[in-house]
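Coordinates for the following, if possible.
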Amino acid sequence: MLNAPRRAEAAKPKRRRVLVWLVLVAGVTLLITGAFGLRQWFFQHWPVTPPGIQRVKIAPGSALPQIALQLEQAGVVGDAQRFARLVRWREAAQKIKAGEYAFSKAATPGEVLDRLVAGDVIKVRITIPEGFALREIAARVAAAGIGTAEQFLRLASDPVRIRNFGIPATTLEGYLFPETYVVTTTTAQEEVIRAMVAQLNKQLTPELLAAAKARGLDRHALVTLASIVQKEAGNEEEMPLIAAAFHNRLRKGMRLQADPTVIYGVVDFDGNLTRRHLTTPTPYNTYTRAGLPPGPIASPGLAALRAAAFPAQSQALYFVARGDGRHEFNVTLEAHNRAVRRFQLGGR
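Numbering: from 1, shown residues only. As a prediction, the model looks like this:
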């Protein structure tokens with residue numbers, strides 16, 4: 001039987017083998033971890049150049065693996081799994097903004113993630129000129145890639161939406177303020193319409209509405225008259241004079257006899273205003289109907305709105321285009337007829 005010292009001596013080689021094995025396992029683990037960490041480090045710091053301009057649309061609620069895969073498939077990052085790992089490490093999964101992104105330049109995965117977190121999506125500028133009618137606005141929004149014109153017109157004629165805006169009309173004609181709007185490719189048409197109506201409400205200050213009310217115009221009448229002034233005027237300087245002529249006519253019970261209102265009421269107008277158009281009764285024919293038409297005929301700008309609320313001090317009842325972008329204003333019909341012969345009929 002072995003004594004205690006001999007048993008201790010026999011156990012030493014076994015302990016050495018276990019120790020060596022543990023050291024080998026630890027070493028291999030460190031090598032694997034180091035290699036893994038080194039590859040992740042290179043991934044995070046190595047810029048990737050996309051093949052041309054790549055547009056990546058991230059839908060709201062997209063899961064991180066799906067986002068990472070989209071970026072890899074577009075050639076924006078080199079490895080979807082490593083990108084997802086980077087996102088988790090930076091605790092940024094819930095910070096990524098939905099939208100459409102454009103990638104074209106070399107960037108590291110960290111720089112790509114920075115853009116996603118910042119919401120650096122593609123921006124679209126939609127410029128609505130003063131005097132655009134609803135159909136023209138719909139076409140301009142559609143041309144920017146935001147839905148279709150037909151969809152826009154349906155939304156702008158939705159009675160529930162119009163009622164929620166507090167607008168006494170059947171469409172949003174005239175209530176979409178002409179301005180340049182910056183949106184994204186994923187912006188809904190409802191948001192565009194809401195922004196346009198909000199911008200008009202911002203322009204209709206208490207001062208402006210009070211001045212209009214003092215001249216017998218509520219908000220709807222103000223926007224309607226301003227839209228006519230907008231379409232009649234060749235420049236902003238004449239708008240107060242044109243507005244004054246219309247105010248004078250309304251006060252005297254005279255018909256406005258505004259050609260743009262007649263044109264608005266003609267279906268498929270071909271650009272040639274005829275005597276038949278002027279005598280055909282429509283809700284917008286201010287040659288056959290007294291007072292303002294039932295609603296705006298276009299979107300007036302701020303200058304037209306202010307002119308309708310603050311008309312010039314003038315007794316003029318008539319005006320005629322001179323052919324140079326300006327108008328001749330007169331108080332009497334006789335003087336007006338002479339101006340028409342001079343500027344429209346070549347002196348005949």
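
Please, where are all the strands along the protein?
Taking DSSP state E as the criterion, the chain carries its strands at 54-58, 99-103, 123-127, 180-184, 318-321, 327-330.

Now render those strands as TSV, adding mean pLDDT.
Shown next, in TSV, are the strands of the chain (pLDDT from 0 to 100):
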stretch	mean pLDDT
strand 54-58	96
strand 99-103	96
strand 123-127	96
strand 180-184	96
strand 318-321	94
strand 327-330	94
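
Throw those strands into JSON lines and include mean neighbour count and distance to Ala339, thanks.
The C-beta positions use only the backbone N, C-alpha and C, and glycine is treated the same way. JSON lines is the format used below for these (neighbours: other C-beta atoms under 10 Å; distance: least, C-beta to C-beta, whole Å):
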{"stretch": "strand 54-58", "mean neighbour count": "16", "distance to Ala339": "57"}
{"stretch": "strand 99-103", "mean neighbour count": "19", "distance to Ala339": "55"}
{"stretch": "strand 123-127", "mean neighbour count": "14", "distance to Ala339": "36"}
{"stretch": "strand 180-184", "mean neighbour count": "15", "distance to Ala339": "38"}
{"stretch": "strand 318-321", "mean neighbour count": "20", "distance to Ala339": "5"}
{"stretch": "strand 327-330", "mean neighbour count": "20", "distance to Ala339": "4"}
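
Give me the below-cutoff pLDDT ranges for this protein.
Scanning the chain with the threshold set as pLDDT under 70 gives 1-38, 40, 346-348.

Let me see the domain layout of it.
54-118, 123-203, 206-314 (automatic domain parsing).

got a list of contacts for stretch 246-258?
215-216, 225, 228-229, 231-232, 286-292, 311, 314-317 (C-beta atoms under 8 Å, 6 or more residues apart in numbering).

For ChimeraX, write the select line for the buried members of the residues you listed.
Of those, the buried ones can be selected in ChimeraX as follows, counting by 16 or more other C-beta atoms under 10 Å:
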select :215,225,228,229,231,232,286,287,288,289,292,311,314,316,317
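
re earlier: rebuild the domains of the chain as TSV, extending it with distance to Glu328.
As requested, the domains of the chain are exported to TSV (distance: least, C-beta to C-beta, whole Å):
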stretch	distance to Glu328
domain 54-118	52
domain 123-203	22
domain 206-314	11
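
Quick one: closest of those to Arg341.
Proximity to Arg341, assessed across these by C-beta to C-beta, is greatest for domain 206-314 (17.3 Å).

Helices along the stretch 151-300 of the chain, start to end?
When assigned using DSSP state H, counting those that start in this stretch, the helices of the stretch 151-300 of the chain occupy the ranges 159-164, 189-203, 206-214, 219-232, 239-252, 259-264, 275-279.

If you compare the directions of the fifth one and helix 219-232, what angle comes out?
So that's helix 239-252. 130 degrees (axes from the mean of the first three to the mean of the last three C-alpha atoms, to 10 degrees).

tell me which residues of helix 239-252 are tucked away?
Met239, Pro240, Leu241, Ile242, Ala243, Ala244, Ala245, Phe246, His247, Asn248, Arg249, Leu250.

Setting aside sequence neighbours, what's the nearest residue to the first one?
When you say that, I think you mean Met239. Using C-beta to C-beta, 6 or more residues apart in numbering and skipping the chain neighbours, the partner closest in space to Met239 is Ala307 (3.6 Å).

Give the full set of residues in contact with Leu240.
Small correction: residue 240 is Pro, not Leu. Ala307, Phe310, Pro311, Ala312.

and stretch 41-54, which residues are buried?
Applying 16+ other C-beta under 10 Å to stretch 41-54 flags Phe43, Gln44, Val48, Pro50, Gln54 as buried.

now the end-to-end length of stretch 213-222.
The first residue of stretch 213-222 is 9 Å away from its last residue (C-alpha to C-alpha, to the nearest Å).

Pull the residues that contact that stretch.
Contacts for stretch 213-222 (C-beta under 8 Å, 6+ apart): 167-169, 204, 208-209, 212, 225, 247, 250, 292, 295, 305, 308-309, 311.

Go through these and name the one nearest Tyr175.
Among the contacts of stretch 213-222, and counting by C-beta to C-beta, the member closest to Tyr175 is Ile167, at 5.7 Å.

so what's that closest one up against?
Tyr175, Val197, His220.

now, which of the residues you listed sits nearest Val124?
Out of the contacts of Ile167, the member with the shortest distance to Val124 (by C-beta to C-beta) is Val197, at 19.1 Å.

can I get the contacts of Pro240 in JSON lines with distance to Val160?
Output for the contacts of Pro240, formatted as JSON lines (distance: C-beta to C-beta, whole Å):
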{"residue": "Ala307", "distance to Val160": "33"}
{"residue": "Phe310", "distance to Val160": "35"}
{"residue": "Pro311", "distance to Val160": "36"}
{"residue": "Ala312", "distance to Val160": "40"}
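
Most neighbours among these, which one?
When the contacts of Pro240 are compared by neighbour count (other C-beta atoms under 10 Å), Ala307 ends up highest, at 27 neighbours.

ok, that one to Val192 distance?
When distance is defined by C-beta to C-beta, to the nearest Å, Ala307 is 27 Å away from Val192.

my guess is Ala212 meets Ala307, correct?
No: counting by C-beta atoms under 8 Å, Ala212 sits too far from Ala307 to count as a contact (10.9 Å).

Return the set of residues that bridge with the residue nearest to Ala74 when sequence neighbours are not counted.
Excluding the flanking residues, the one nearest Ala74 by C-beta to C-beta, 6+ apart is Gln54, at 4.2 Å. For Gln54, the beta-bridge partners under DSSP bridges are Phe103.
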